[in-house]
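sequence first, then the predicted structure, then my questions.
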Amino acid sequence: MEQHRPTPAIQLAFLPELSDANFELFEIEPSLLPLLSKDQPLLIKSYNPQIETPIDQQEEGKGAEQHLKATASLCTAEATYKLKKSETSNTMLFSGLKSGTIYKQTSVYVELEKAQTNHYQVTQVIQNYPILEVNVKAGTYSLGSGIAKQELLDQCQISKAELDLMLKEDHRFRIIDIGGDKVAYFSKEFFSPLVDQVFTVINSHSLKSVSVAEIIAKEDSTINSKYKVKEFELLIDYTLRYLGHKDGPHYKLDKDKIVQALCLLKLEDQTKVSDYAYLTAYLNQLKDLFIMVEEVDLKQLQKGGSFEPSKNLFEGFQDFDLSCLKSQALIVPMSEIKDVSLRQDHMIILLDSLYTLKLEQCQGSIQKRLDVLFQIKEKWTKAELETYLSQFIDLTLTFDQYLMKNTRIVRDQHPFIPSADIAYYVKKF
């Protein structure tokens, strides 16, 4: 029988210039271990947001830019991880396996927690790279230079797989591929008139599907005189992606996508002065808008068919189906409006990191985000909170666990169904 031989003893010795700055101990999940031995980089990325503070909120003697605290994350090719410093009651020594040299002693280490996709960082950066740049003197536009996808990756705490998915599937952010592995931001000031022009052509010719070439050939206004042919084709093509599904050179119009595009554009128009609009006025403007759009009518938004009030912008709101605006807006019942002078009607609020500075300043911190939401209104339904918080929840927690820890439940009369009550979530303390 082979005898067990003890491992030879190693004489430990402290490094003369021992310093806490030399090494950091990372605790990582087993799935990341194979990446350490492969040619797949593990990148630690910082994010340094600089946000302009509104004039009415600027402090005397300070500029418009507000420098927020920088954060750090670790990114692989597929995922992003939060970095969190933790402390143990034990002292740990780092030594060479053969030399016995102690390089560091510490009780602090860095934990990794898998993070949700940092959409808000990408939206903050991309707005600095508009799809078109204006020539003020000539009154014309030229295609913007955009930003390389790699540079977007470098500036944001996001993995390549997460960014690719966001650019490919999430048109909510209006990010357009301009070729050369570059992207740019399709701002509302260009997108809105193009949508109007596309519908003018579609309605005047009663089209059920349309191609970019047909739009350009039938378009008889002066809008395309501002653009070069290549740029106009690109803009029309991207506009049609919001209104239908590509089928060869044509786009087959889709009523649901049209409704979503029009609802958001009208809300952006209504809330460009302040974050909110009165709900009745907003719905009346939608009615007028749909009258001009032959492809859809008001029945697309009214109760009936596949309309499920439980999935609406507010649980149980039964007059119109505004579920297409989830993650971008919310309905505040009249009874919940904090400013009594504004209690003339229910409100609809545009609430998105692209448009709401308060949420962007949260830098992905779920606690700060929750605090801001409670500043907007005091009572929230579970569905509402899930819409605006779920992507920031640590993946080690369920959403119910998070709510149980950070909020409390109260029951009150339903604002839109007089015979029912509803569970609200309010601040715990």
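Noted; the coordinates are in hand. Every value quoted in this text rests on a predicted model; they were computed, and no experiment measured them. Numbers count the residues shown, from 1 in each chain.

and Y109, helix, strand or coil?
strand (DSSP: H, G, I helix; E, B strand; the rest coil).

any idea what it is bridged to?
S86 (DSSP bridges).

dump the residue contacts of it.
24-27, 85-88, 92 (C-beta atoms under 8 Å, 6 or more residues apart in numbering). Just so you know, the C-beta spots here come from the backbone N, C-alpha and C atoms, and that holds for glycine as well.

return the distance of stretch 88-96 from the chain's centre.
Between the centre of stretch 88-96 and the centre of its chain there are 40 Å (C-alpha atoms, centre = their mean, to the nearest Å).

quick one: mean pLDDT over that stretch.
Taken as a whole, stretch 88-96 has an average pLDDT of 78.

what do you get for stretch 329-338?
Taken as a whole, stretch 329-338 has an average pLDDT of 90.

please apply the same query to stretch 389-404.
83.

what's next to it, contact-wise?
Here stretch 389-404 makes contact (C-beta under 8 Å, 6+ apart) with 82, 113-117, 119, 364-366, 369-370, 373, 382, 385-386, 425.

quick check on those residues: which are buried?
Neighbour-count burial (16 or more other C-beta atoms under 10 Å) applied to those gives 82, 115-117, 119, 364, 366, 369-370, 373, 382, 385-386, 425.

what is the nearest of the contacts of Y109 to K160?
Using C-beta to C-beta, F26 comes nearest to K160 of these, at 21.0 Å.

who does that closest one form a beta bridge with?
Partner residues in beta bridges with F26, using DSSP bridges, are V110.

just to revisit the earlier point, the contacts of stretch 389-404 in helices, which ones?
Counting by DSSP state H, the contacts of stretch 389-404 place 119, 366, 369-370, 373, 382, 385-386 in helices.

JSON lines please, covering those residues and showing pLDDT.
As requested, the ones in helices among the contacts of stretch 389-404 are exported to JSON lines (pLDDT from 0 to 100):
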{"residue": "H119", "pLDDT": "79"}
{"residue": "I366", "pLDDT": "82"}
{"residue": "R369", "pLDDT": "85"}
{"residue": "L370", "pLDDT": "89"}
{"residue": "L373", "pLDDT": "88"}
{"residue": "K382", "pLDDT": "92"}
{"residue": "L385", "pLDDT": "91"}
{"residue": "E386", "pLDDT": "88"}
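
could you identify the most distant pair in those?
Within the ones in helices among the contacts of stretch 389-404, H119 and K382 form the most distant pair, 21.7 Å apart (C-beta to C-beta).

got the phi/psi numbers for I176?
phi -110, psi 140 (degrees, to the nearest 10).

correct me if wrong: it contacts I131.
Yes: the pair I176 / I131 is scored as a contact, 5.6 Å apart, by C-beta atoms under 8 Å.

joint contacts of these two?
With C-beta under 8 Å, 6+ apart as the test, I176 and I131 both reach 184-186.

in the stretch 101-250 of the chain, where is pLDDT below threshold?
139, 169-172, 219-229 (pLDDT under 70).

go again using 50 as the cut-off
By pLDDT under 50, the weakly predicted segments of the stretch 101-250 of the chain are 222.

just the helices from it, written as ranges.
119-126, 149-155, 160-169, 188-204, 212-218, 229-241 (DSSP state H, counting those that start in this stretch).

which secondary structure elements does the fourth one contact?
What it means is helix 188-204. Secondary-structure packing of helix 188-204 (3 or more C-beta pairs under 8 Å, 6 or more residues apart in numbering; DSSP states H and E): strand 209-211, helix 212-218, helix 229-241, helix 255-270.

tell me the spacing between P415 and K149.
44 Å (C-beta to C-beta, to the nearest Å).

before we move on, the earlier item: and S107, which of the helices and strands packed on helix 188-204 is closest to it?
Among the helices and strands packed on helix 188-204, the nearest to S107 by C-beta to C-beta is helix 255-270 (51.1 Å).

how far does whatever helix or strand comes next after that closest one sit from its chain's centre?
Proceeding N to C from helix 255-270, the next assigned helix or strand is strand 276-278, under DSSP states H and E. Centroid separation between strand 276-278 and its chain, computed with C-alpha atoms, centre = their mean, is 22 Å.

next: stretch 252-261.
Centre to centre, stretch against its chain (C-alpha atoms, centre = their mean), the figure for stretch 252-261 is 21 Å.

kindly report the same for stretch 146-154.
17 Å.

buried residues in it?
For stretch 146-154, by 16+ other C-beta under 10 Å, it's 146-147, 149, 152-153.

need the CA coordinates for that stretch. CSV is fine.
Presented in CSV, the C-alpha positions along stretch 146-154 are these (Å, rounded to 0.1, in the frame of the first residue of the first chain):
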residue,chain,number,x,y,z
GLY,A,146,-22.3,58.0,-34.8
ILE,A,147,-20.4,56.0,-32.2
ALA,A,148,-18.6,52.7,-32.8
LYS,A,149,-20.2,49.7,-31.0
GLN,A,150,-16.9,48.9,-29.4
GLU,A,151,-16.7,52.5,-28.0
LEU,A,152,-20.2,52.1,-26.6
LEU,A,153,-19.1,48.9,-25.0
ASP,A,154,-16.0,50.6,-23.5
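
could you find the closest non-adjacent residue to the spatially most central residue of the chain?
Closest residue to the average C-alpha location of the chain: H119 at 4.0 Å, with C-alpha atoms, centre = their mean. Leaving aside its chain neighbours, H119 sits nearest to M166 (6.4 Å; criterion: C-beta to C-beta, 6 or more residues apart in numbering).

how about the contacts made by that neighbour?
M166 neighbours (C-beta under 8 Å, 6+ apart): 117, 119, 122, 158, 173, 175.

could you rerun that using 10 Å?
Residues near M166 by C-beta atoms under 10 Å, 6 or more residues apart in numbering: 117-119, 122-123, 152, 158, 172-173, 175.

so which of the residues you listed is the closest to K38?
When the contacts of M166 are ranked by distance to K38 (C-beta to C-beta), I158 comes first, at 20.8 Å.

okay, now the nearest residue to that closest one once chain neighbours are set aside: neighbour count?
Closest residue in space to I158, ignoring its immediate chain neighbours: N118 at 5.1 Å, by C-beta to C-beta, 6+ apart. Using other C-beta atoms under 10 Å as the criterion, N118 is surrounded by 26 other residues.
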